[in-house]
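*Asks:* All I have is the shape, not the residue letters:
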């Protein structure tokens with residue numbers, strides 16, 4: 001089986017950033033729906049997807065584990081103008097309408113863990129279907145860590161497929177790196193994960209485990225590349241970085257290993273605390289076991305398109321309705337370590 005796993009909020013709200021500055025709110029909302037549904041449709045057509053899974057956000061357990069987690073986003077919300085607040089409310093209203101439509105009027109799978117993020121649902125769905133192929137639809141680079149022979153990532157904005165073999169356009173042609181004039185490739189996903197755990201993630205307000213650490217070491221100082229190469233052995237280069245200590249602006253001393261392990265829990269999508277991992281697994285199992293049998297999906301879809309004036313999509317309603325009408329028929333493993 002081949003699944004499309006949708007980071008739904010990412011796909012929908014990304015339209016705010018790609019829309020023309022002169023676009024009004026209604027045009028931006030139309031673009032959000034076109035981008036979300038169109039990206040899925042493109043992936044289904046290009047890569048032979050058998051079933052579509054929309055993954056939603058809950059209130060992440062990470063906020064309890066680490067108080068600063070995504071706290072920076074609340075600050076940004078406080079700076080919004082009245083017009084921006086009104087636009088945001090309209091976006092959220094439309095987003096909820098889309099989720100209701102997908103949940104109640106189609107046969108796609110919709111997953112939401114109230115205590116986890118879409119990232120967790122996507123990671124656990126893939127883990128519970130180890131013998132299948134998965135295409136994650138998102139622009140979020142956090143998913144690069146999951147790439148493997150059977151897990152790929154599709155960016156619906158630039159229409160590129162990212163695999164462990166590199167970047168490809170929607171016709172399967174290698175994407176050329178403008179800097180090297182060669183096929184654009186990807187660093188080892190596990191190294192990228194390690195580097196993010198060390199450097200932190202400013203977008204999620206996750207602080208660095210070792211501020212100022214170099215990627216490549218010098219004669220007298222170990223870098224991330226050398227430490228990662230020594231990770232499995234736990235030798236000199238690994239411990240040389242992990243046992244370092246540094247002091248923050250509040251005069252609090254940190255040990256790199258402690259902050260690295262904290263960040264790994266927050267960032268590594270295979271390192272969730274076991275109780276939260278098990279809870280998300282239960283959500284996935286319950287979601288696919290619903291055995292949805294919604295009738296007249298095409299009719300419901302045409303009404304949804306009419307409500308939001310999705311004329312280009314409604315012209316291809318039969319194509320979209322096919323995957324919207326296709327229920328889950330796969331098999332998941334009962335237990336994953």
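*Replies:* All right, it came through fine. Keep in mind it's a predicted model, so treat the numbers as computed, not measured.
*Asks:* How much space separates the residue nearest to residue 314 when sequence neighbours are not counted from residue 37?
*Replies:* Spatially, and ignoring its direct neighbours in sequence, residue 314 is nearest to residue 305 (3.9 Å; CB to CB, 6 or more residues apart in numbering). All C-beta spots, glycine's among them, are computed from the backbone N, C-alpha and C. According to CB to CB, to the nearest Å, residue 305 and residue 37 sit 9 Å apart.
*Asks:* just residue 28 next, same as before
*Replies:* For residue 28, the distance to residue 37 equals 15 Å [CB to CB].
*Asks:* Show me which of these two is the more surrounded one.
*Replies:* Higher neighbour count among residue 28 and residue 37: residue 37, with 24 against 20, using other CB atoms under 10 Å.
*Asks:* For the helix or strand the more buried one falls within, enumerate the helices and strands it packs against.
*Replies:* If you go by DSSP states H and E, residue 37 is part of helix 25-47. Contacts defined by 3 or more CB pairs under 8 Å, 6 or more residues apart in numbering; DSSP states H and E place helix 25-47 against strand 2-7, helix 8-13, helix 15-18, helix 82-105, strand 133-137, strand 151-155, helix 311-314, helix 317-324.
*Asks:* Which residues in it does the neighbour count mark as buried?
*Replies:* By neighbour count on 16 or more other CB atoms under 10 Å, the buried set for helix 25-47 is 25, 28-44, 46-47.
*Asks:* Over to stretch 220-232?
*Replies:* Within stretch 220-232, the residues scored as buried using 16+ other CB under 10 Å are 222, 224, 225, 226, 227, 228, 230.
*Asks:* Take these and keep only those in strands.
*Replies:* The strands, defined by DSSP state E, take in nothing from the buried residues of stretch 220-232.
*Asks:* Okay, and which of those map to helices?
*Replies:* 224, 225, 226, 227, 228 (DSSP state H).
*Asks:* how about TSV for those, with pLDDT and distance to residue 161 added?
*Replies:* Formatted as TSV, these follow (pLDDT from 0 to 100; distance: CB to CB, whole Å):
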residue	pLDDT	distance to residue 161
224	97	28
225	96	27
226	96	32
227	97	31
228	97	26
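*Asks:* possible to save these as JSON lines with distance to residue 217?
*Replies:* Listed next are these as JSON lines, based on distance: CB to CB, whole Å:
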{"residue": "224", "distance to residue 217": "8"}
{"residue": "225", "distance to residue 217": "7"}
{"residue": "226", "distance to residue 217": "5"}
{"residue": "227", "distance to residue 217": "8"}
{"residue": "228", "distance to residue 217": "11"}
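*Asks:* and residue 51, how far is that from residue 78?
*Replies:* 41 Å.
*Asks:* Tell me which of these two has more neighbours.
*Replies:* Comparing residue 51 with residue 78 by neighbour count (other CB under 10 Å), the higher total belongs to residue 51, at 21 against 6.
*Asks:* mind pulling up the phi and psi values for the more buried one?
*Replies:* Residue 51 adopts backbone torsions of phi -150, psi 150, taken as degrees, to the nearest 10.
*Asks:* Identify the bridge partners of it.
*Replies:* Note on residue 51: beta-bridge partners residue 3, judged by DSSP bridges.
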